[in-house]
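Colleague: Return atomic coordinates for the entry below.
(one chain, ligands or ions: 1)
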Amino acid sequence: MITPSDFSEQYESLINRPVLAKAADFQRQERLTHVIFAQQFDRDMLNHLCSTASMIRQISRHRQGQDFLTGLLSHKRAMLYFTQASTRTFLSFMAACQILGMTCNEIRDPTTSSEFKGESPLDSMRMFSSYFDVVIMRSNMAKFAESCAYLMNELASQGRRSVPVVNAGSGADEHPTQALLDIYTIQRTFEFSSQKDNARQSRFDTLRRRYPELNKGLENKTYGFCGDVGRGRTVRSLTTLLALWPGVRFNFIYPNYDKLAPYADMLTRLEEAGVGIEHSHSLPDVINRLDMLYMTRIQHEHDTDADRRFFETFDAAQFTLYPELLSKMREYCPILHPFPRNQEIPFEIDSDPRAMYFRQARNGMWIRAALLAHLFDVDGKIGAFHQKNYGA
Ligand code: CP
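Modeller: The predicted structure is shown next:
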């Protein structure tokens, strides 16, 4: 059995550096070479990716546009190395590759690869880089994707074949591409554009009469994160990105139990970034004050016996979005969830116009296609095609 220390020891001194020093190793000038953690993105890069995602979305509505997109990377092959369970991330990356014409291959069960015979995951990685042009990977081992990126950099420095590594979820630490689709979804929501808008009246004008403080965009908003805040890697990655906008406040709503609380390192980082932070142990108490609600499930697969004893007396109602709560929420407050869900969002909520989680999952396909286009330097071609066919 391979343990995280088997590979992280090899790159320990690189892994333990400050995050900005590490980020410099994963880009060349303005272009990312590997995608490992959320701190690699700044607002300009996020806006660029969101804009490319929207162009791809629009271009792909027509056959001519689809043909253009599939011609962009038809000479590239992707390896989807997902040894931890996934539905959305795996499928949306596969669909993103297909939008750009890439051929996809996969390993999802390590018992079908030579890892079953004891091959080290780092050797597997090097083999993938021999056959494919990008490795998109999910693992239950924190820092494994980061270690793979260092391996690729080492090979590149020796003049050997090296390919981009994309972290599609690593242990409990990071899920950077989930944060990208979350940002894209929030950005689209807070544009407040509506098909019913006209020159005299817009949805935003109507909302502003009820909520005079409301502004367009991500800044100056209160973001609520409810559920297993401690063990959820999506919250870690998304809060890192949202903290790039001024005037944001986070309300962490979690059971009063250490493991489910936001971790100290994350809180310190957010406070240093100037984010206002509140803590709560009851969703009904704070729901009326939120501009966005990000629900998460309790990750029982990580429970120990002590955790199970805690959950015997736990009041799940305080962390469930019951239909009765909808009337207390702000009229525009989007409900997001990375999924899968358990009982924290009952099915009755799905028909509420604020329920964004299915759109959010579809947005994953567009933003991941934009990310791949960026990694392979074809985003400029997408911009030029869009300009020519759709104008500014
Ligand atoms: N949100 C997310 O990562 O979903 P999957 O685990 O299904 O990929």
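Colleague: neighbouring contacts of whatever helix or strand Gly383 lives in?
Modeller: Under the criterion of DSSP states H and E, Gly383 resides in helix 379-390. The contact list for helix 379-390 (CB atoms under 8 Å, 6 or more residues apart in numbering) reads 48, 52, 55-56, 58-59, 65, 68-69, 72, 370, 373. Every C-beta, even on glycine, is put in place using the N, C-alpha and C of the backbone.
Colleague: then it to PDB, C-alphas only?
Modeller: Provided in PDB are the C-alpha atoms of helix 379-390 (Å, rounded to 0.1, in the frame of the first residue of the first chain):
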ATOM      1  CA  ASP A 379      -7.500  30.700 -25.700                       C
ATOM      2  CA  GLY A 380      -6.300  33.500 -28.000                       C
ATOM      3  CA  LYS A 381      -7.700  31.600 -31.000                       C
ATOM      4  CA  ILE A 382     -11.100  31.300 -29.200                       C
ATOM      5  CA  GLY A 383     -11.100  35.000 -28.500                       C
ATOM      6  CA  ALA A 384     -10.300  35.800 -32.200                       C
ATOM      7  CA  PHE A 385     -13.000  33.400 -33.500                       C
ATOM      8  CA  HIS A 386     -15.500  34.900 -31.100                       C
ATOM      9  CA  GLN A 387     -14.600  38.500 -32.100                       C
ATOM     10  CA  LYS A 388     -15.000  37.600 -35.800                       C
ATOM     11  CA  ASN A 389     -18.300  35.900 -35.500                       C
ATOM     12  CA  TYR A 390     -20.000  37.600 -32.600                       C
END
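Colleague: Give me the buried positions along that helix.
Modeller: Buried residues in helix 379-390, counted by 16 or more other CB atoms under 10 Å: 379, 382, 385-386.
Colleague: Which secondary structure state does the nearest residue to Leu49 once chain neighbours are set aside sit in?
Modeller: With CB to CB, 6 or more residues apart in numbering as the criterion, Leu49 has its nearest non-adjacent residue at 4.8 Å, and that residue is Ala370. With DSSP: H, G, I helix; E, B strand; the rest coil as the basis, the three-state label of Ala370 is helix.
Colleague: cool, and Asn251?
Modeller: With three-state DSSP as the basis, Asn251 sits in strand.
Colleague: count of residues packed around it?
Modeller: 22 (other CB atoms under 10 Å).
Colleague: Next up, the contacts around it.
Modeller: Asn251 sits in contact with 222-225, 277-280, 286, 289-290, where contact means CB under 8 Å, 6+ apart.
Colleague: Then Gly171?
Modeller: Contacts of Gly171 by CB under 8 Å, 6+ apart are 4, 139-144, 233.
Colleague: at 10 Å what do you get?
Modeller: 4, 84, 138-145, 233 (CB atoms under 10 Å, 6 or more residues apart in numbering).
Colleague: Not counting sequence-adjacent ones, nearest residue to it?
Modeller: Gly171 sits nearest to Ala142 (CB to CB, 6+ apart), 3.0 Å away.
Colleague: a strand runs through that neighbour, doesn't it?
Modeller: No: judged by three-state DSSP, Ala142 forms no part of a strand; its state is coil.
Colleague: Phi and psi next, for it.
Modeller: phi -60, psi 150 (degrees, to the nearest 10).
Colleague: quick one: Asp67 and Ile99 touch, right?
Modeller: No: between Asp67 and Ile99 there is no contact under CB atoms under 10 Å: 11.5 Å.
Colleague: domains of this structure?
Modeller: Residue ranges for the domains of the chain, per automatic domain parsing: 5-174+364-373, 176-361.
Colleague: how about those, which one is nearest Gly391?
Modeller: domain 5-174+364-373 (11.2 Å; CB to CB).
Colleague: Figure out how far that closest one is from the centre of its chain.
Modeller: Centroid separation for domain 5-174+364-373 versus its chain: 13 Å, with CA atoms, centre = their mean, to the nearest Å.
Colleague: and Gln343, how many neighbours?
Modeller: With other CB under 10 Å as criterion, Gln343 counts 12.
Colleague: Please tell me how far it sits from Met356.
Modeller: 19 Å (CB to CB, to the nearest Å).
Colleague: same thing with Cys50?
Modeller: Cys50 sits 15 Å away from Met356, going by CB to CB.
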